[in-house]
Every structure is written in structure tokens, then in C-alpha cells.
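Please find the sequence and the predicted model below.
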Amino acid sequence: MKLEGRLIGPWVAECRQAWLALESSRATKKLALDLCGVTFVDEPGIALLREICRSTGAELLTSSPLSKHFAEQATTCAADGKKGD
């Protein structure tokens, strides 16, 4: 699943719908979440990325310090600052 641009506001809901549609059809295939083209993520967007990572074990693809930062936020538990599974 490739994301580009800003994951904010109504785009978070749009991304959730796309993920749920993909999730129902992917069967046993592992999900790769491409964050290389993402330029900004708000808190609801980070929450969605965490939800996707926790439920699918998605591989996060990054290409820059910024996209790596988003990936780290997505894999860090908000409550205690520890890396998630």
C-alpha cells in the first residue's frame, strides 16, 4: 500500500477505507506500507498507521529521514514510548 502527500484530516478516513478494503482481500499476503512519498502525518494519521502496523505486522518502507520518522512514530506505543510489535 503506497501513501503519498499529507496523511491528515479527511485523508486519514480515506486511507482507513482503502486499508480495510485491501485487508479483506489480501488473505495471507504480508502488507508493505510505503511511506516514501509521505510529507506530513497528523496525530489521527499516526494513530491509523499504528493500528495498521499492530493488526497486520506491516513492513514499513522509507527512503528519507522524514519517512523514517513517521515509521518510527507508527511503531512506537503512544502511552509508554516503547517500540510496538
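Yep, that arrived. Residues are numbered from 1 along each chain as shown.

I'd like to know which elements the longest helix along the chain is packed against.
Secondary structure assigned by DSSP state H gives helix 9-25 as the longest helix of the chain. Counting by 3 or more CB pairs under 8 Å, 6 or more residues apart in numbering; DSSP states H and E, the packing neighbours recorded for helix 9-25 are strand 2-7, helix 43-56. (C-beta placed from N, C-alpha, C; glycine too.)

Show me the shaky parts of the chain.
77-85 (pLDDT under 70).

Need the residue closest to the centroid of it.
Leu49 (2.9 Å; CA atoms, centre = their mean).

what's the spacing between it and Thr76?
Separation of Leu49 from Thr76 (CB to CB, to the nearest Å): 10 Å.

from the middle of its chain, how far away would the strand ranked longest in the chain be?
In the chain, with assignment by DSSP state E, the single longest strand is strand 32-41. Remark: strand 32-41 is offset 8 Å from the chain centroid, using CA atoms, centre = their mean, to the nearest Å.

residues in contact with Ala21?
Under the criterion of CB atoms under 8 Å, 6 or more residues apart in numbering, Ala21 has no neighbours.

hang on, the earlier thing: run me through the strand neighbours of the longest strand of the chain, direction for each.
Strand 32-41 has the following strand partners under DSSP bridges: strand 2-7 (parallel), strand 59-61 (parallel).

Please tabulate the ones you listed in CSV, including the columns distance to Asp42 and mean neighbour count.
What follows is the strands paired with strand 32-41, written out as CSV (distance: least, CB to CB, whole Å; neighbours: other CB atoms under 10 Å):
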stretch, distance to Asp42, mean neighbour count
strand 2-7, 7, 15
strand 59-61, 18, 16
